[in-house]
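K.L.:
Dropping a prediction and its sequence here:
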Amino acid sequence: MGQYAEVTINGSFCEDCGCLMNAEAAGQPQKCEDCFENELIDAVENNNWPDGMTFSVWQDIRIKYSVPEIRE
């Protein structure tokens, strides 16, 4: 395995876009804030509740990233 792959798996680089997140490795793959937010937006658009997320947090995220319905 190459050095870039190792530091990505260890959490120094974002697993999606590859940007540097932290010089000290977290020990597991991670996503930067932008990629994580994009993942949440996709989950809301597809109505796909992410694993490991509580219902109350999911409802807050749905409200934050949903497009409001405009009544006429």
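P.N.:
Yes, it's here. Numbers count the residues shown, from 1 in each chain.
K.L.:
Now do the contacts for Ala26.
P.N.:
Asn10, Gly11, Ser12 (CB atoms under 8 Å, 6 or more residues apart in numbering). For the C-beta atoms, the positions are set from N, CA and C on the backbone; glycine is no exception.
K.L.:
Quick one: the helices in this protein, in order.
P.N.:
Applying DSSP state H to the chain gives helices spanning 3-10, 33-45, 55-65.
K.L.:
Sort out which residues of the longest one are buried, please.
P.N.:
Translated: helix 33-45. The neighbour-count check on helix 33-45 (16 or more other CB atoms under 10 Å) flags Cys35, Leu40, Ala43, Val44 as buried.
K.L.:
out of the contacts of Ala26, who's nearest Ile61?
P.N.:
Here the nearest of these to Ile61, counting by CB to CB, is Gly11; it sits at 22.8 Å.
K.L.:
And the pLDDT at the nearest residue to that closest one once chain neighbours are set aside?
P.N.:
Leaving aside its sequence neighbours, Gly11 sits nearest to Ala26 (CB to CB, 6 or more residues apart in numbering; 3.3 Å). On the pLDDT scale, Ala26 is placed at 71.
K.L.:
what's the spacing between Ala26 and Glu39?
P.N.:
17 Å (CB to CB, to the nearest Å).
K.L.:
what about the chain, any weak spots by pLDDT?
P.N.:
Low-confidence segments of the chain (pLDDT under 70): 1, 4, 7, 69.
K.L.:
Spatially central residue for the protein, please.
P.N.:
What sits nearest the mean C-alpha location of the chain, by CA atoms, centre = their mean, is Phe36, with 1.9 Å.
K.L.:
And it, how far from Glu72?
P.N.:
For Phe36, the distance to Glu72 - CB to CB - is 35 Å.
K.L.:
and Glu37, how far is that from Cys17?
P.N.:
Going from Glu37 to Cys17 by CB to CB gives 12 Å.
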